[in-house]
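Trainee: I'd like to go over a predicted model; first the sequence, then the structure.
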Amino acid sequence: MQRRTFVMAAAAAALAVSMGAQAQDWPTQPVKLVVGFPGGSTPDMVARAISEPLSKMLGQPVVVENKPGASGNIAAASVANATDGHTLGVVINGNLTSSPILYPNLAYDPVKDFSYLSLMTTAPLILVAPADEPGGAAFFKKAETEGDRWNYGSVGVGSVSHLGMELLKSEVPGFKPMQVPYTGGNPAVVTALIGGQVQMALMPPGTAMPQVKAGKLEAVGVTTTERSPLVPDVPTLAEAGIKDFTLEVWTALVGPSSLPAPVQKKIADSVIQILHTPAVQEKLLVQGWRAVGTTPDEMKSRVNKETELLGNIIRSQNIKLQ
């Protein structure tokens with residue numbers, strides 16, 4: 001029995017040494033950072049903000065590769081199926097939360113096929129309206145009297161601008177605007193708002209605030225429980241009387257599930273350290289993001305919570321992609 005115990009302990013110690021060496025030796029080649037959106041997009045900006053400092057920490061080039069299409073799902077699938085041990089991905093909310101529900105034949109399983117490394121950045125959404133509409137509680141009071149004659153713009157069925165508004169509708173009695181999706185993205189929605197074709201929309205700060213500051217749109221409220229450091233002058237929806245409504249967009253770093261645990265930890269620890277540096281935080285703040293840098297477990301908790309939240313809306317409203 002003693003010999004067996006000794007052998008098992010020795011094997012465990014050898015394994016620990018081997019795993020430690022594995023993490024210490026990694027990476028042995030350039031690291032690929034796959035982004036499912038074009039260059040200049042907000043996820044691309046986040047990837048490029050961390051790529052240089054991560055390269056210095058790891059001692060290998062970190063190369064950003066843009067692979068746009070299917071709302072980032074094509075790139076996510078390529079990361080899930082990567083076998084070189086040096087491919088990571090920058091993903092957005094939908095890739096891990098709503099896409100598995102909206103796309104029955106999705107080419108990856110967000111639970112089984114990824115190693116969650118860190119929730120990197122977050123940003124609120126801003127509920128905006130044409131400039132001649134009231135802000136705050138007065139906006140919702142007017143919206144209730146208008147019934148379902150008001151419309152809201154979105155960047156497409158299943159997008160956060162769509163699901164977020166349906167979630168808001170479910171929590172505000174008498175608030176019943178109908179969706180008008182625009183294939184031209186946020187610029188098309190802005191045009192429709194200014195022209196009065198739609199009466200409201202949820203937008204990221206980077207798109208909304210230039211129009212608000214120019215006097216072309218009204219910022220009704222931000223979708224966080226407290227005022228956001230990104231837009232400190234914009235009141236929260238809670239200040240407008242809509243309690244407990246929170247919805248953010250975010251980016252996260254993932255790897256394939258085949259990535260060894262010690263390597264996962266090395267990457268996560270490095271990225272968290274980078275995102276907590278003032279220089280990177282300031283750079284991301286200018287780009288419209290709040291640097292977060294969570295642990296893998298914290299990221300998993302966030303994904304699980306939002307998957308349930310958005311899944312309930314998708315199912316209750318029978319939202320389907322055509």
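Mentor: Received the coordinates, thanks.

Trainee: for this protein, longest strand please?
Mentor: For the chain, the longest strand by residue count, based on DSSP state E, is strand 114-124.

Trainee: which strands or helices does that one pack on?
Mentor: helix 42-58, helix 205-213, strand 248-256, helix 261-275, strand 290-291, helix 296-316 (3 or more Cβ pairs under 8 Å, 6 or more residues apart in numbering; DSSP states H and E). For every residue, glycine as well, the C-beta is placed using N, CA and C.

Trainee: low-confidence ranges in the protein?
Mentor: 1-22, 322 (pLDDT under 70).

Trainee: okay, now the domains of it?
Mentor: Here the domain parsing of the chain from automatic domain parsing is 2-123+249-316, 126-240.

Trainee: still on that earlier bit, strand partners of the longest strand of the chain, parallel vs antiparallel please.
Mentor: strand 248-256 (antiparallel), strand 290-291 (antiparallel) (DSSP bridges).

Trainee: pick the most buried one from the ones you listed.
Mentor: Of those, the one with the most neighbours on average (mean count of other Cβ atoms under 10 Å) is strand 248-256, at a mean of 25.

Trainee: relative to helix 42-58, how tilted is it?
Mentor: Orientation check (axes from the mean of the first three to the mean of the last three Cα atoms, to 10 degrees): strand 248-256 against helix 42-58 gives 50 degrees.

Trainee: which one, of the helices and strands packed on strand 114-124, ends up nearest to Ala77?
Mentor: For those, proximity to Ala77 was assessed by Cβ to Cβ; strand 248-256 is nearest, at 10.6 Å.

Trainee: tell me the angle that closest one makes with helix 296-316.
Mentor: Relative orientation of strand 248-256 and helix 296-316, computed by the same axes, to 10 degrees: 120 degrees.

Trainee: could you give the angle of strand 248-256 to helix 261-275?
Mentor: Going by the same axes, to 10 degrees, strand 248-256 makes 150 degrees with helix 261-275.

Trainee: how far does strand 248-256 sit from its chain's centre?
Mentor: Its chain's C-alpha centre lies 6 Å from the corresponding centre of strand 248-256 when counted by Cα atoms, centre = their mean, to the nearest Å.

Trainee: please save the CA atoms from it in CSV.
Mentor: As requested, C-alpha coordinates have been extracted for strand 248-256 and formatted as CSV (Å, rounded to 0.1, in the frame of the first residue of the first chain):
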residue,chain,number,x,y,z
GLU,A,248,-24.1,45.6,-22.0
VAL,A,249,-22.2,44.6,-25.0
TRP,A,250,-18.9,42.9,-24.4
THR,A,251,-15.8,41.3,-25.9
ALA,A,252,-14.2,38.2,-24.5
LEU,A,253,-11.1,36.1,-25.2
VAL,A,254,-11.5,32.4,-25.9
GLY,A,255,-9.4,29.4,-27.1
PRO,A,256,-10.3,25.9,-28.2
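
Trainee: Arg227 and Pro235 touch, don't they?
Mentor: Yes: using Cβ atoms under 8 Å, Arg227 is in contact with Pro235, at 7.1 Å.

Trainee: can I assume Val79 is in contact with His86?
Mentor: No: using Cβ under 8 Å, Val79 is not in contact with His86; the gap is 11.2 Å.

Trainee: more neighbours: those two, which one.
Mentor: A count of neighbours by other Cβ atoms under 10 Å puts Val79 above the other of Val79 and His86, at 26 against 20.
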